[in-house]
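Colleague: pasting a predicted model and its sequence here:
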Amino acid sequence: MIDGDHAAPYLEVRPVLGIGELSPGDDLAAVIAEHADLQDGDVVVVTSKVVSKVEGRIVVLESDDPDARETARQAAIDGETVRLVARRGDLRIVQTRHGLVMAAAGVDASNVARDELALLPVDPDASAQLLREGLREQLGVDVGVVVTDTMGRPWRNGLTDAAIGVAGLTALTDPRGRVDSYGNVLGVTQVAVADEIAAAADLVKGKLSGIPVAVVRGLARNGKLTDDGNGTRMLVRGVEDDLFRMGTAEAITVGREDVGWAGGSAPELHADAVAVITDIDPDDCAGGAVKQAFLAFLAARPDAMWRSCVPGHLTGSALVVDPDRQAVLLTLHPRVGRWLQLGGHCEPGDRTMLDAAAREAREESGIGSLSFDPVPLSLDIHPITCSLGVPTRHFDVQYLAVAHPGAEPTISDESLDLRWFAWDDLPPGISPELPRLVDLARRRLP
């Protein structure tokens, strides 16, 4: 064995024969001691099923009726579950009280009577430690114990045994920082030794043979196993490192909550945007392609209304015209560095796109009395680095507003400058789409 590595020069895996049927209250250590030839440094591998049997973790039903048994099984799964991870039909992947993520919370209807169900041990690590101490008392040997259960694996067909309880050995080795034979420093390698032991032992126990115990020999050094005393705790991935913690249903729910779409239908603002853009004349937005781009983006993104949507998001703007219909109010945008119409991002309180455009226009102009045409002037899509701080796109819904007589604009902290400009005397450094927007406004005004 290489120093610091988990690999052994050889392994011997042997089934323990003659265990027989076990019942609640049986002395599992005494039964194993009677049938196993053990020595210091061996690892005794035991299926959770026999541990559950001797510990009384068996649900006895009133009959062996299959329908009644399935109803009881589903109820048992409910009782053992702390979090639903994924579901397809009757199959549930859940997190148990132990922190394990597995199918059906480990509730099992195999290798028990037809009127019984087996639950996982309450504390598999404690069960492993109790068995280890019992074997020391019975035989005077210092062994490791691994309690196993059968699990599936993401992206892989087939089942394998894995460790759910460990005593007397280190379940997870961590050679990170060591150097391999090529001089590479190991950066991510951790080895689930207890799971490898569980899988190896299952090769001699099987699923149909009725052999619940095996012995793995060869891992010890000088008759002693390495033991960090952590049991299986290090095998359970923490929340902060779990890239796959959320199941599909959880991810959809959280995503909808993040974008204000917690219910089964689109939020009011999203629905309004779809309706408004569907009704707009394609000639007012430089052709049907722009209109369809808006609608496709809205269909693809329930969060299209919010600035947190990195690929792009809808904004509302307003070209504000003076009471005499001779000039437009423009703002010198600090981030863009150009003269623009007033506008900005949608906010959670906006119920319609017109609400968003009107709110932004009033905030940026300081004018409370503005009359809006409810039909947008135009649609525009432009690349921008906005308050997200990363390149994105604004899908801008552009409205027309007229200021009331006596209106006096007041510059806000969102602008470097704010001025009226005559229709035919627009300043240099305007946005490329502004002349067309001004022309559309002049044609629409009476």
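Modeller: Looks like it arrived, so ask away.

Colleague: doesn't Asp142 belong to a strand?
Modeller: No: counting by DSSP: H, G, I helix; E, B strand; the rest coil, Asp142 is not part of a strand but coil.

Colleague: and for it, the neighbour number?
Modeller: Asp142 has 19 neighbours, counted by other Cβ atoms under 10 Å. C-beta here means a position set from N, CA and C on the backbone, and glycine is covered the same way.

Colleague: point out where the stretch 101-250 of the chain drops to low pLDDT.
Modeller: 207, 239-241, 243-250 (pLDDT under 70).

Colleague: buried ones in stretch 14-33, by neighbour count?
Modeller: For stretch 14-33, burial by neighbour count (16 or more other Cβ atoms under 10 Å) applies to Pro15, Val16, Ile19, Leu22, Leu28, Ala29, Val31, Ile32, Ala33.

Colleague: in the stretch 101-250 of the chain, which spans are helices?
Modeller: Listed in chain order, the helices of the stretch 101-250 of the chain (DSSP state H, counting those that start in this stretch) span 124-139, 193-205, 248-258.

Colleague: export those to JSON lines and append columns for mean neighbour count and distance to Asp279.
Modeller: Conversion of the helices of the stretch 101-250 of the chain to JSON lines gives the following (neighbours: other Cβ atoms under 10 Å; distance: least, Cβ to Cβ, whole Å):
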{"stretch": "helix 124-139", "mean neighbour count": "20", "distance to Asp279": "63"}
{"stretch": "helix 193-205", "mean neighbour count": "21", "distance to Asp279": "60"}
{"stretch": "helix 248-258", "mean neighbour count": "13", "distance to Asp279": "26"}
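
Colleague: list just the one of those helices that sits closest to Leu319.
Modeller: helix 248-258 (32.2 Å; Cβ to Cβ).

Colleague: out of the buried residues of stretch 14-33, which is nearest to Gly158?
Modeller: Nearest to Gly158 among the buried residues of stretch 14-33: Pro15, at 20.9 Å, using Cβ to Cβ.

Colleague: isn't that closest one right up against Val204?
Modeller: Yes: the criterion here is Cβ atoms under 8 Å, and Pro15 meets it with Val204 at 4.2 Å.

Colleague: now do the shared contacts for these two.
Modeller: Residues touching both Pro15 and Val204 (Cβ atoms under 8 Å, 6 or more residues apart in numbering): Ile211, Ala214.

Colleague: measure Ala109 to Ser127 for me?
Modeller: Using Cβ to Cβ, to the nearest Å, Ala109 is found at 21 Å from Ser127.

Colleague: oh sorry, the question was meant for Arg325
Modeller: In this view, Arg325 and Ser127 are 84 Å apart by Cβ to Cβ.

Colleague: how about Asp324?
Modeller: Separation of Asp324 from Ser127 (Cβ to Cβ): 87 Å.

Colleague: what about the spatially closest residue to Leu172 that is not a sequence neighbour, how many residues nearby?
Modeller: Once flanking residues are discounted, Leu172 sits nearest to Met234: 4.2 Å by Cβ to Cβ, 6 or more residues apart in numbering. The tally of other residues near Met234 (other Cβ under 10 Å) stands at 18.

Colleague: I figured Met234 hits Val166, correct?
Modeller: No: with contact defined as Cβ under 8 Å, Met234 does not count as touching Val166 (9.4 Å).

Colleague: need the three-state assignment for the closest residue to Ile411 other than its chain neighbours.
Modeller: Nearest residue to Ile411, sequence neighbours excluded (Cβ to Cβ, 6+ apart): Leu418, at 4.3 Å. The local conformation at Leu418, judged by three-state DSSP, is strand.

Colleague: what packs against whichever helix or strand Arg14 is part of?
Modeller: Per DSSP states H and E: Arg14 is located in strand 12-15. Using 3 or more Cβ pairs under 8 Å, 6 or more residues apart in numbering; DSSP states H and E, the elements in contact with strand 12-15 are helix 193-205, strand 213-217.

Colleague: of those, which is nearest Arg136?
Modeller: Of all those, strand 213-217 sits nearest to Arg136, with 15.1 Å by Cβ to Cβ.

Colleague: so what strands line up beside the closest one?
Modeller: Taking DSSP bridges as the criterion, strand 213-217 pairs within the sheet with strand 12-15 (antiparallel), strand 43-47 (antiparallel).

Colleague: just name the most buried of those strands.
Modeller: strand 43-47 (a mean of 27; mean count of other Cβ atoms under 10 Å).

Colleague: in whichever helix or strand comes after it, what counts as buried?
Modeller: Later in the chain than strand 43-47, the nearest helix or strand by DSSP H and E is helix 48-54. Neighbour-count burial for helix 48-54 flags Ser48, Lys49, Val50, Val51, Ser52, Lys53, Val54 (criterion: 16+ other Cβ under 10 Å).

Colleague: using the three-state scheme, assign the residue lying closest to Arg83 once chain neighbours are set aside.
Modeller: Of all residues not flanking Arg83 in the chain, Gln95 sits nearest, at 4.1 Å (Cβ to Cβ, 6+ apart). Classification of Gln95 by three-state DSSP places it in strand.
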